[in-house]
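[1] A structural model of the following input is requested.
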Amino acid sequence: MASDNNPTARGRRLGAELRRLRKESGLTGTQVAAHLLVSQAKVSHMETGRRAVSPRDVRDLCRLYGVTDQHVVDSLMTLARESGRPGWWHSYGDIPHTVYVDLEADAASIHAYESMVIPGLLQTPTYAAAVIEETIPLVTVEQAAARLKVRLRRQHRIYDPARRLQLWVVLDESVLWRVVGSREVMREQLEHLHALSTEPHITVQILPHTAGAHPGLSGQFSLLRFPDSREPVVYLERLTSGLCLERPTDVQQHSLVYAHLQTQALSPDHTRHLITDTIKRYTS
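    Below is the predicted model:
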């Protein structure tokens with residue numbers, strides 16, 4: 001478990017590749033540490049992305065692992081240089097949850113459960129602005145504007161045809177009835193949600209109040225999977241930071257919880273019918 005000083009997505013990707021190459025070479029972490037005259041903890045931290053890996057580290061490790069393909073070596077050295085660079089969101093100042101934004105930008109799919117508000121990737125600008133202004137005490141105009149810009153730019157992932165994010169969302173029915181901003185803001189937001197739910201790469205399900213007690217009562221979470229050999233992670237968002245769970249047992253438990261939530265939720269078709277009915281109520 002780690003907080004928002006967690007490794008970046010690029011660092012995790014590099015670490016996963018170095019771990020794969022080490023295993024293919026037949027060397028243990030202890031043996032690698034002895035060869036390089038470093039601690040075994042340093043080797044472990046490089047492979048998990050918790051320690052910066054320099055291009056020189058990559059060169060030495062590839063030599064030790066017997067990597068002869070210069071294209072592979074060069075690509076890993078490039079990744080090492082890039083992993084030390086800040087993401088695009090850093091230009092917006094002190095933005096919370098940057099670890100999640102980094103992981104989200106690199107994910108192939110996300111399974112999200114939300115009990116309080118529409119998830120950020122599916123929010124309209126007016127709804128997002130209302131969420132930011134109404135949930136962050138004493139937020140300044142400048143801070144609110146910066147967070148809104150970051151939130152809307154994050155949404156590019158679901159419209160990018162080259163790297164389209166596969167998104168599954170289960171929402172508690174309360175999300176439909178919690179008036180954020182105004183009734184007009186809610187009507188516009190639900191129309192947007194309905195439209196997005198018809199996209200082939202986006203699945204939305206509503207967990208109705210009639211489902212009673214369910215495994216999601218402990219709060220929201222997101223399960224992120226990546227396009228390569230890296231292990232999935234679970235992210236739990238808090239007010240100013242978050243928790244990133246990486247242990248296989250944590251990921252397995254949250255995957256099981258999500259499967260139960262999907263089973264108890266309305267089907268995507270019935271969800272769209274409920275959203276349509278709710279829109280009518282806001283319109284009237």
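[2] okay, whichever strand or helix holds D57 in CSV with CA atoms only?
    Using DSSP states H and E, D57 maps to helix 55-65. Below are the C-alpha coordinates for helix 55-65, written out as CSV (Å, rounded to 0.1, in the frame of the first residue of the first chain):
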residue,chain,number,x,y,z
PRO,A,55,20.1,5.3,-18.3
ARG,A,56,23.4,4.1,-16.9
ASP,A,57,21.6,1.7,-14.6
VAL,A,58,19.7,0.3,-17.6
ARG,A,59,22.9,-0.1,-19.6
ASP,A,60,24.6,-2.0,-16.8
LEU,A,61,21.6,-4.2,-16.1
CYS,A,62,21.1,-5.0,-19.8
ARG,A,63,24.8,-6.0,-20.0
LEU,A,64,24.5,-8.2,-17.0
TYR,A,65,21.3,-9.8,-18.4
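[3] Same question for the helix or strand that that helix is followed by: list its buried residues.
    Downstream of helix 55-65, the first helix or strand assigned by DSSP H and E is helix 70-83. Within helix 70-83, the residues that count as buried by 16 or more other CB atoms under 10 Å are V73, L76, M77, L79, A80, S83. C-beta: built from backbone N, CA, C; applies to glycine.
[4] The residue nearest to the third one when sequence neighbours are not counted and T198, how far apart?
    The shortest distance from M77 to any residue that is not its chain neighbour, by CB to CB, 6 or more residues apart in numbering, is 4.2 Å, and that residue is P55. P55 sits 46 Å away from T198, taking CB to CB, to the nearest Å as the criterion.
[5] Neighbour count: the two, which is higher?
    P55 (16 against 10; other CB atoms under 10 Å).
[6] Go ahead and confirm the more buried one touches S83.
    No: with contact defined as CB atoms under 8 Å, P55 does not count as touching S83 (10.3 Å).
[7] what about the stretch 151-284 of the chain, any weak spots by pLDDT?
    Along the stretch 151-284 of the chain, the model assigns pLDDT under 70 to residues 229, 239-241.
[8] quick one: the helices in it?
    Ranges of helices in the stretch 151-284 of the chain, per DSSP state H, counting those that start in this stretch, are 174-177, 183-197, 248-264, 268-283.
[9] For the last one, which residues meet the burial criterion?
    When you say that, I think you mean helix 268-283. Within helix 268-283, the residues scored as buried using 16+ other CB under 10 Å are T271, R272, L274, I275, T278, I279, Y282.
[10] List just the nearest of those residues to Y100.
    Checking these against Y100 with CB to CB, the nearest one is T271 at 25.0 Å.
[11] any idea what sits nearest the closest one, other than its immediate chain neighbours?
    Nearest one to T271, counting by CB to CB, 6+ apart, is I206 at 4.6 Å.
[12] can you give me the strands in this protein?
    Ranges of strands within the chain are 109-114, 166-172, 202-207, 221-225, 233-237, 242-245, based on DSSP state E.
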